[in-house]
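Peer 1: give me a 3D structure for the following:
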Amino acid sequence: MDQRPVAVYAALDDDLGPGIATLEAAGFRVVVAGSDEPSDLAAAAPEAVALLVGYGRVDDAVLRALPALRVISLMSQGHDNVDLAACTRADVQVAHLPPVATEEVAVHAWALSLALVRQLPFYGRATAATWLDRPRFAPRRLSDLTVGVVGTGRIAERYAALARGHVGSLLSWSRSGRSLPGTASLADLHDLAATSDVVSLHLPLSGETHHLVDDAFLAAMKPGSWLVNVGRGGLVDSAALARALDSGHLAGAALDVLDEEPPSPGHPLAGRDDVLLTPHVGWFSAESERGYAVEQAANVVAWLRTGAVTHPVS
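Peer 2: Sure thing, here's the model as predicted:
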């Protein structure tokens, strides 16, 4: 009988090969369930001590389905999909990733910002029949613009560094009051919204930040400005953003994350000409894909060898 500890993968669409190799080399038997459903996880690996998960919900139902579970390893830095209180009650450690894709996400956010400022989504649709068409909001001169950065973590700092020297001015805001190098720190979030031509969101999702961008925030934004979100979809009230776009108050938005992924056909931000959507790929590169898989597995290996994960969720 195989006595190796069992690690089970939930629904993950990425290349699991490097992670599986890391786990097997450490002595695990690896099962790929390919599902976030508790019943599927229980059927695939009822004896699993480790669960490797992407964005699937981890709650009491999952913990009951895997009674031997002792460690959960996420494939992101965010952990809003995990019921941490339930895991604490069940004596299950939760690990997240170190900053594997800081550069990728910051570059993605900056690329989205430039695409909005230069109205690339509009011009990218131009054909011979519409060659001379012009967008409702003309492209802007980058050096005349003010960019507001919401959040002051590693990705926000890298984004600000990319923008520095190219834009007219840089503003920042954080809940902690920390300022970003080379930016003017504002104490009031709505003041940042009111004075920025581009607002870029770089915050984790929590009870405090859920729907941070609501009707009031959007009303405070400058007419003809743009919103960029590479943080978490729940930071933005999608219905409120759709209303701000419908009214013509905002020039557009670029989003790598949504409150519903993938968006349903009736999602208020799907299929709009004034919204540039990318499918949660800001983190993605050849280097980061391997790094994510290996680091996720490494947390589980550390638990097996030492009894504690390397990057615990605090």
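
Peer 1: helix, strand or coil for the closest residue to residue 200 other than its chain neighbours?
Peer 2: Distance criterion CB to CB, 6 or more residues apart in numbering; nearest residue to residue 200, sequence neighbours excluded, is residue 228 at 4.3 Å. The C-beta positions use only the backbone N, C-alpha and C, and glycine is treated the same way. Under DSSP: H, G, I helix; E, B strand; the rest coil, residue 228 falls in the strand class.

Peer 1: name the nearest residue to residue 258, sequence neighbours excluded.
Peer 2: Among residues not flanking residue 258 along the chain, residue 233 sits closest, at 4.2 Å (CB to CB, 6+ apart).

Peer 1: need the contact list for the one you found.
Peer 2: Listed by CB atoms under 8 Å, 6 or more residues apart in numbering, the contact set of residue 233 reads 205, 255, 257-261.

Peer 1: filter those residues down to the buried ones, PyMOL style.
Peer 2: Selecting the buried subset of the contacts of residue 233 in PyMOL, with 16 or more other CB atoms under 10 Å as the burial test, is done by:
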select buried, resi 205+255+257+258+259
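
Peer 1: I'd guessed residue 261 sits against residue 278; true?
Peer 2: No: in terms of CB atoms under 8 Å, residue 261 does not count as a neighbour of residue 278; the distance is 11.3 Å.

Peer 1: quickly list the domain ranges of this protein.
Peer 2: 6-100+286-306, 102-277 (automatic domain parsing).

Peer 1: quick check, distance from the first one to the centre of its chain.
Peer 2: Read that as domain 6-100+286-306. In terms of CA atoms, centre = their mean, to the nearest Å, the centre of domain 6-100+286-306 is found 18 Å from the chain centre.

Peer 1: tell me which other helices or strands the helix or strand bottoming out on mean pLDDT in the chain touches.
Peer 2: Ranking every helix and strand in the chain by mean pLDDT, DSSP states H and E puts helix 120-124 at the bottom, with a mean of 89. Using 3 or more CB pairs under 8 Å, 6 or more residues apart in numbering; DSSP states H and E, no helix or strand is in contact with helix 120-124.

Peer 1: buried sites along that helix?
Peer 2: 120-122.

Peer 1: in the stretch 101-250 of the chain, which ranges drop under the pLDDT threshold?
Peer 2: 127-129 (pLDDT under 70).

Peer 1: now do the strands in it.
Peer 2: 146-150, 169-173, 184-185, 198-201, 225-229, 250-255 (DSSP state E, counting those that start in this stretch).

Peer 1: pipe those strands into a markdown table and attach distance to residue 126 per row.
Peer 2: Listed next are the strands of the stretch 101-250 of the chain as a markdown table, based on distance: least, CB to CB, whole Å:
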| stretch | distance to residue 126 |
| --- | --- |
| strand 146-150 | 26 |
| strand 169-173 | 31 |
| strand 184-185 | 37 |
| strand 198-201 | 23 |
| strand 225-229 | 20 |
| strand 250-255 | 16 |
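
Peer 1: mind checking the ones you listed for the one nearest to residue 35?
Peer 2: In terms of CB to CB, the element of these nearest to residue 35 is strand 250-255, at 26.8 Å.

Peer 1: distance from the chain centre to the closest one, please.
Peer 2: The answer for strand 250-255 is 17 Å, by CA atoms, centre = their mean.

Peer 1: which helices and strands sit right next to the next helix-or-strand element following it?
Peer 2: Downstream of strand 250-255, the first helix or strand assigned by DSSP states H and E is strand 275-277. Judged by 3+ CB pairs under 8 Å, 6+ apart, strand 275-277 is in contact with helix 102-117, strand 250-255.
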